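> Show me the folded form of this:
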Amino acid sequence: MNASALPPSNDTPLCYSINSPPFKYVPTIASAYFSSIFSALGLTSNLIAFIVLLKSFRQTHSSSRSSFLIFLGGLVVTDFMGLLVTGTIVVSFHVTHFNWRSLDPRCHFCNFMGMSMVFYGLCPLLLGAAMAVERFIGINRPFARTTSMPKRRTVSMLLLVWMTAGCIASLPLSGIGSYHMQMPGSWCFLNISSGGTDLAFSLLFSLVGLTCIAVSFVLNTISVVTLIKVCCGQDKRQRRRDQEVEMMVQLILIMAIGSICWCPLLIYILVNSSAAEPVNDETVLFYIRMATCNQIFDPWIYIMCQVSRIRRVKLKVIRLT
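Presented below is the predicted three-dimensional model:
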């Protein structure tokens with residue numbers, strides 16, 4: 001029997017004391033294959049995307065595009081590390097069937113897993129909002145090199161995002177909230193169904209994520225409207241406009257995929273935390289898998305946009321020759 005199937009006792013560490021009825025789960029070969037393929041696909045996609053972005057960064061001469069590529073690079077690194085850390089733990093559980101309580105009697109490993117889930121979950125949403133702010137400033141100035149965000153400031157903003165997500169993920173270590181074992185026993189996450197500090201932490205996680213999505217939507221909408229007006233004007237800087245359009249297309253796709261993947265989980269946490277309703281473990285697991293898909297879909301946005309860019313360059317060369 002899995003460790004998570006054991007009924008809680010007075011000696012059971014907090015992270016394994018689940019409020020819902022004890023669930024029984026026996027890891028299967030199918031689940032191991034699914035987790036392995038899922039993680040491998042995501043890691044490979046992000047690795048390819050990072051190589052594509054690195055080549056694009058070396059070839060670009062635009063300060064505005066360089067800043068945007070730094071943000072994209074940070075997003076790719078975050079997604080890659082998120083899949084590497086969490087995927088390794090989940091796959092190891094399905095393959096070795098290790099007992100969490102025997103391996104981690106003081107919940108250190110479970111807390112690390114929970115912190116990783118929150119950190120690597122918030123980072124893409126915070127980075128999406130940061131990129132929306134950067135494009136909003138760059139487009140509404142309009143298109144002046146002097147208004148583009150310097151590379152040092154971009155890197156500082158990227159580090160600030162990581163620091164913010166890290167501080168939020170570390171709150172349970174200071175007594176605000178806690179991380180608990182989740183069905184099917186292969187991962188730990190915040191405790192949605194409890195009150196007190198767990199309620200506050202769940203609401204904070206949900207509200208920060210939804211706020212990032214809302215900020216991205218508002219600022220990206222304004223930027224797109226402004227960009228359409230400029231493109232329809234008499235501006236002769238066609239190459240500059242093409243770059244701005246390309247970056248906005250990527251940003252809109254990032255926002256759309258992030259919203260589709262994360263909104264169900266964030267809204268579910270917000271509703272259940274506010275109403276103090278019992279949590280459906282299978283629903284949470286399904287929404288978590290949806291959110292994880294964001295780390296797989298994101299890199300293909302950069303890969304496909306770069307392929308499209310190469311094709312456009314080839315067409316121009318063919319026309320000139």
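> mind listing what Glu282 touches?
Residues in contact with Glu282 (C-beta atoms under 8 Å, 6 or more residues apart in numbering) are Met183. To be clear about C-beta, it is placed using only N, CA and C from the backbone, and glycine gets the same treatment.
> what's the distance between it and Asp198?
20 Å (C-beta to C-beta, to the nearest Å).
> Likewise for Ser116?
Separation of Ser116 from Asp198 (C-beta to C-beta): 18 Å.
> again, but for Leu47
Using C-beta to C-beta, Leu47 is found at 36 Å from Asp198.
> So these two - more neighbours on which side?
Taking neighbours as other C-beta atoms under 10 Å, Leu47 and Asp198 compare with Asp198 leading, 21 against 13.
> secondary structure element for the more buried one?
helix 196-231 (DSSP states H and E).
> I'd like to know which elements that helix is packed against.
The contact analysis (3 or more C-beta pairs under 8 Å, 6 or more residues apart in numbering; DSSP states H and E) places helix 196-231 against helix 108-139, helix 151-169, strand 187-190, helix 238-275.
> got the buried residues for the longest one?
By that I understand helix 238-275. Of all the residues in helix 238-275, those buried under the rule 16 or more other C-beta atoms under 10 Å are 240-241, 243-244, 246-248, 250-255, 257-259, 261-266, 268-270, 272-273.
> From the contact counts, what lies against that helix?
helix 63-96, helix 108-139, helix 196-231, helix 281-320.
> and of those helices, who's closest to Gln182?
helix 281-320 (6.8 Å; C-beta to C-beta).
> how about the helices and strands packed on helix 196-231 in TSV, adding distance to Leu54?
What follows is those, written out as TSV (distance: least, C-beta to C-beta, whole Å):
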stretch	distance to Leu54
helix 108-139	18
helix 151-169	15
strand 187-190	31
helix 238-275	16
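> possible to save those as TSV with distance to Thr86 and mean pLDDT?
Output for the helices and strands packed on helix 196-231, formatted as TSV (distance: least, C-beta to C-beta, whole Å; pLDDT from 0 to 100):
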stretch	distance to Thr86	mean pLDDT
helix 108-139	5	91
helix 151-169	13	91
strand 187-190	7	88
helix 238-275	15	83
